[in-house]
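K.L.:
Provided below are the primary sequence and the corresponding predicted coordinates.
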Amino acid sequence: MRIVINLDVMMAKRKISSNELAEKIGITPANLSILKTGKAKAVRFSTLEKICEVLDCQPGDILEYDPTRPGADEQEE
Amino acid sequence: MNGKDKSVLLTSGLVKVVYVLVAVCCVIAPFLVRYYDSLVVASGQESVFLPVLITLYCAVPFAVAALICLDVLLRNIRMEQPFVAQNVTMLRIISYCCFGEVLVFVYLAVLKPFTVVVLVACAFMGLILRVVKNVFEQAIKIREENDFTI
């Protein structure tokens, strides 16, 4: 996946724990872990909106495009 | 227990019945084929005892393999896991079993043209199962996408 999630960087900057963030944005810690580890296939706008609201940041602060990484279709299933 | 569970249980029960039927057929096949062969010979045709018996016994492994796969498939459905990779494998194996039966019945179809019906039915069933397998594959992909959408 060429889209990199920098959620942990932003969380460290805001000094917020995974459980606290998960609770504030209304998702399970397991789902937040999927998002943080880059296993997620998609992010809902509503989730992104809540993350940006809680972390007081822009979507670009969390999502990054890295052309050097293998694309989603090139990864092993 | 809701209607859906009952339906799966009923199907599972039917699979078990077919297991028993296959086992019984294995035991009584020589007698049945002998009786059929006596009718064939009485009508002035050549004896087909051995080809029919060999065909029937060659068909058994494919039938048993298909039944085992059906059992696994139903067990996964009962555990509310219909869209898993294992089910795709099971459907693939069942379709191969159907095509295996086609190969088994080819020789008999040459001797007794009416058995072409079995051959065509098996081929058609194998084809349908391949399509169902493709549907399951697509469904697994969609489910994974849904599961990993946060």
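P.N.:
Thanks, I have the structure now.
K.L.:
need phi/psi at A:Ile3.
P.N.:
phi -90, psi 120 (degrees, to the nearest 10).
K.L.:
just checking, it touches A:Glu64?
P.N.:
Yes - judged on C-beta atoms under 8 Å, A:Ile3 makes contact with A:Glu64 at a distance of 7.2 Å. From N, CA and C alone the C-beta is placed, and that goes for glycine too.
K.L.:
of the two, who's got more company?
P.N.:
In this view A:Ile3 and A:Glu64 are compared by other C-beta atoms under 10 Å in any protein chain shown, and A:Ile3 has more residues nearby, 15 against 12.
K.L.:
give the contact list for that one.
P.N.:
Taking C-beta atoms under 8 Å, 6 or more residues apart in numbering or on different chains, we find A:Ile3 in contact with A:63-66.
K.L.:
pick the one among those closest to chain B.
P.N.:
Taking C-beta to the nearest C-beta as the measure, A:Leu63 is the one of those closest to chain B, at 12.5 Å.
K.L.:
which residues does the residue nearest to the closest one when sequence neighbours are not counted bridge with?
P.N.:
What sits nearest to A:Leu63 in space, not counting adjacent residues and going by C-beta to C-beta, 6 or more residues apart in numbering or on different chains, is A:Ile3, at 5.9 Å. Beta-bridge pairing of A:Ile3 under DSSP bridges involves A:Tyr65.
K.L.:
so how far is B:Ile128 from A:Ile3?
P.N.:
Note on A:Ile3: its distance to B:Ile128, by C-beta to C-beta, to the nearest Å, is 39 Å.
K.L.:
for the helix or strand that contains B:Glu101, packing partners?
P.N.:
Element membership for B:Glu101 (DSSP states H and E) is helix B:85-111. Judged by 3 or more C-beta pairs under 8 Å, 6 or more residues apart in numbering or on different chains; DSSP states H and E, helix B:85-111 is in contact with helix B:49-78, helix B:116-147.
K.L.:
can you put those in JSON lines and add mean pLDDT, mean neighbour count and distance to chain A?
P.N.:
JSON lines is the format used below for these (pLDDT from 0 to 100; neighbours: other C-beta atoms under 10 Å in any protein chain shown; distance: least, C-beta to the nearest C-beta, whole Å):
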{"stretch": "helix B:49-78", "mean pLDDT": "94", "mean neighbour count": "17", "distance to chain A": "19"}
{"stretch": "helix B:116-147", "mean pLDDT": "93", "mean neighbour count": "15", "distance to chain A": "5"}
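K.L.:
Serialize those helices to JSON lines and add fields for distance to B:Val106.
P.N.:
Supplementary listing: the helices and strands packed on helix B:85-111 in JSON lines, determined by distance: least, C-beta to C-beta, whole Å:
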{"stretch": "helix B:49-78", "distance to B:Val106": "9"}
{"stretch": "helix B:116-147", "distance to B:Val106": "7"}
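K.L.:
list the contacts for the residue lying closest to B:Leu73 once chain neighbours are set aside?
P.N.:
The shortest distance from B:Leu73 to any non-neighbouring residue, by C-beta to C-beta, 6+ apart, is to B:Met90 (4.7 Å). B:Met90 makes contacts with B:69-70, B:72-73, B:76, as judged by C-beta under 8 Å, 6+ apart.
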